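Chemist: Here is a sequence together with a model predicted from it:
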Amino acid sequence: MSTWPIGVFASVDAGLGVKLEVARDLGVPTIQLHAPHKESRTPEKAAAFLAKLKDYGITLTAVFGGFEGESYADIPTVVRTVGLVPPETRAARLKEKKEISDFAKLLGCNVVALHVGFVPHDANAPLFKEVVAVVQDLCDHCKKNGQALHLETGQESADGLLQFIAAVGRDNLFINFDPANMILYGTEEPIAALRKVGKYVRSIHCKDGTWAKHPGQEWGCEVPLGQGDVGMYNYLKTLKEIGYTGPLTIEREIPQEPERQKAEIGHAVRLLTALKEKLL
Ligand code: MG
């Protein structure tokens, strides 16, 4: 693959990404895929999807997994419902995430990713140790499938992420860096964070957002690429500095407005193409 191929976050039937046809229409050469529902994760559907990708000339670079019952309504709800952190759903979600890893293998994809949830900052907390154990288990399953596991950045600071990755201690655990999430959750300034965690960054999202009035207590606002507080030129410049050459995957989660979503992603493609010309 060339340096920084443009990508878009896509969905089949689950998740908030665009349809594959949108990627095709916009001439985007790579996608990350939100894993489809269980009934769609069959060898037949995988083969049909792969045929479509081939037909459209699109490369799949990562398979994300979300879970039933997750809600991003507000920050406390995320803490309670998202990822592998909530104890009551953990075992079932671990099982499902392993099935998603197996489905990604059917798609010939060697990266699976997820938002693990709100990892506690205190490494001595029992919950921290439980989440480390479940991620070790998942990493080992992915490893058997020849895959890396990428953690979507969100609430964790750079130092928190480094602490967690070190505690998990697996050589196939990396980061999917999302600069907007750091702003939306009010975690910390994303460019400085990117420099700190750079050696673990193996995939990224191009998403933008503005800081909340009270960061960490309420959401910031997700906005079209280039209109928020990330600073896209600086973001790409920093990606270059840390030696990142992988896809620039645009994420814009407004599927309730498909026309606007497509138009804004088209604009994002043009913005990133122009920035690539300046920086590469
Ligand atoms: Mg993201």
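Modeler: Here it is on my side, so go on.
Chemist: And the helices in the stretch 101-250 of the chain?
Modeler: 126-144, 158-168, 179-184, 190-197, 232-241 (DSSP state H, counting those that start in this stretch).
Chemist: tell me the most buried of these?
Modeler: Mean neighbour count (mean count of other CB atoms under 10 Å) peaks for helix 179-184 among those, with a mean of 26. Any C-beta I mention is one placed from the backbone N, CA and C, and that applies to glycine too.
Chemist: Please name every helix or strand in contact with it.
Modeler: helix 190-197, strand 201-206, strand 208-210, strand 221-223 (3 or more CB pairs under 8 Å, 6 or more residues apart in numbering; DSSP states H and E).
Chemist: close to the ion, is that helix?
Modeler: No - Helix 179-184 is not in contact with the ion by CB under 5 Å from the ion; minimum separation 5.7 Å.
Chemist: Mind putting the helices of the stretch 101-250 of the chain into JSON lines with mean pLDDT?
Modeler: Below are those laid out as JSON lines (pLDDT from 0 to 100):
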{"stretch": "helix 126-144", "mean pLDDT": "98"}
{"stretch": "helix 158-168", "mean pLDDT": "97"}
{"stretch": "helix 179-184", "mean pLDDT": "96"}
{"stretch": "helix 190-197", "mean pLDDT": "98"}
{"stretch": "helix 232-241", "mean pLDDT": "98"}
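Chemist: Would you reformat those as a markdown table and include distance to residue 275?
Modeler: Formatted as a markdown table, these follow (distance: least, CB to CB, whole Å):
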| stretch | distance to residue 275 |
| --- | --- |
| helix 126-144 | 32 |
| helix 158-168 | 23 |
| helix 179-184 | 14 |
| helix 190-197 | 15 |
| helix 232-241 | 5 |
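Chemist: so where's the protein shaky on pLDDT?
Modeler: For the chain, no stretch has pLDDT under 70.
Chemist: Contact residues of it facing the ion?
Modeler: Near the ion, when you scan the chain using CB under 5 Å from the ion, you find 178, 205, 251.
Chemist: Now for the second one, how many residues are close by?
Modeler: By other CB atoms under 10 Å, 22 other residues sit near residue 205.
Chemist: Residue in the stretch 51-200 of the chain with the shortest distance to the ion?
Modeler: The minimum distance from the stretch 51-200 of the chain to the ion, using CB to the ion, falls at residue 178 (3.6 Å).
Chemist: Quick check: that residue touching residue 205?
Modeler: Yes - taking CB atoms under 8 Å as the definition, residue 178 is a contact partner of residue 205 at 4.1 Å.
Chemist: Check whether residue 112 really touches residue 104, as I assumed.
Modeler: Yes - look at residue 112 against residue 104 with CB under 8 Å: they come within range, at 5.1 Å.
Chemist: tell me the contacts of the residue nearest the centre of the chain?
Modeler: Per CA atoms, centre = their mean, the C-alpha nearest to the average position across the chain is that of residue 152, at 4.6 Å. Counting by CB atoms under 8 Å, 6 or more residues apart in numbering, residue 152 touches 64, 113, 114, 115, 116, 176, 178, 181, 205.
Chemist: Identify the farthest-apart pair in those.
Modeler: Distances among those were taken as CB to CB; the most separated pair is 116 and 205, at 15.5 Å.
Chemist: which residues do residue 178 and residue 205 both contact?
Modeler: Residues within reach of residue 178 and of residue 205 at once, by CB under 8 Å, 6+ apart, are 152, 251.
Chemist: Show residues contacting stretch 264-271.
Modeler: Contacts for stretch 264-271 (CB under 8 Å, 6+ apart): 6, 8, 18, 22, 26-28, 206, 224-226, 232, 250, 252, 254.
Chemist: Of the residues you listed, just say which sits nearest to the ion.
Modeler: For the contacts of stretch 264-271, the nearest to the ion is residue 206 (9.3 Å; CB to the ion).
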